[in-house]
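*Asks:* I would like the atomic coordinates for the input below:
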Amino acid sequence: MDRKPPYNFWKVDSELYLHVKASTRAAEDAEPHATHAALLCECVWNDRQGQCNFTTDTVANVLTHISSCHLRGYPQSDTHVQCQCRGCTLRRPIRRDTVLRHVREIHYADKYRRKN
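*Replies:* So this is what the prediction gives:
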């Protein structure tokens, strides 16, 4: 039985290989802040003032920003708020503390569970 060698993506598609190699080298040669920019988290809150343009390095910092800037009019944790995140399908108001968890888990795909 004659077996074919496995498909070697990199040898067959050498143009793609050269492109990927050049891109990787460019990223390695770039300044540190240029590669770090791709890791930034942006605020997805979109209220009456329009789309927020805040960016930071972690989801936790975005949540602190949302809490202190966008939810500052709702100081009590049991106050009901509607999620104003871009593309959100949740149409009912939920508790202020729950909306922060909702934003973290649904809009940033960051599951948070309290440690016991």
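
*Asks:* quick one: the strands in this structure?
*Replies:* For the chain, strands defined by DSSP state E occupy the ranges 41-42, 46-47, 50-51, 55-56, 80-81, 94-95.

*Asks:* what lies in contact with the fourth one?
*Replies:* Identification of contacts with strand 55-56 by CB atoms under 8 Å, 6 or more residues apart in numbering yields 40, 41, 42, 43, 62, 65. Where you see a C-beta, it was placed from the backbone N, CA and C, and this is true even at glycine.

*Asks:* which stretches of the protein have low pLDDT?
*Replies:* Residues of the chain meeting the criterion pLDDT under 70: 1-2, 4-39, 112-116.

*Asks:* wait, residue 92 touches residue 82, no?
*Replies:* Yes - counting by CB atoms under 8 Å, residue 82 is a contact partner of residue 92 at 7.3 Å.

*Asks:* more neighbours, these two?
*Replies:* Using other CB atoms under 10 Å as the criterion, residue 92 and residue 82 rank with residue 82 on top: 12 against 7.

*Asks:* let me know which of the strands of the chain is the nearest to residue 88.
*Replies:* If you check each of these against residue 88 by CB to CB, strand 46-47 wins as the nearest, at 8.8 Å.

*Asks:* now the end-to-end length of stretch 84-101.
*Replies:* This stretch, stretch 84-101, spans 14 Å end to end (CA to CA, to the nearest Å).

*Asks:* contacts for it next, please.
*Replies:* 44-47, 51, 63, 66-67, 70-71, 74, 76-83, 102-103, 106-107, 112.

*Asks:* could you flag which of those residues are buried?
*Replies:* Using 16 or more other CB atoms under 10 Å as the burial test, the contacts of stretch 84-101 include 44, 45, 63, 66, 67, 70, 71, 81, 83, 102, 103, 107 as buried.

*Asks:* what's the farthest-apart pair in the contacts of strand 55-56?
*Replies:* Greatest spatial distance in the contacts of strand 55-56: 40 and 65, 12.5 Å, computed using CB to CB.

*Asks:* of the two, who's got more company?
*Replies:* Set residue 40 next to residue 65 and count neighbours by other CB under 10 Å: residue 65 wins out with 18 against 11.
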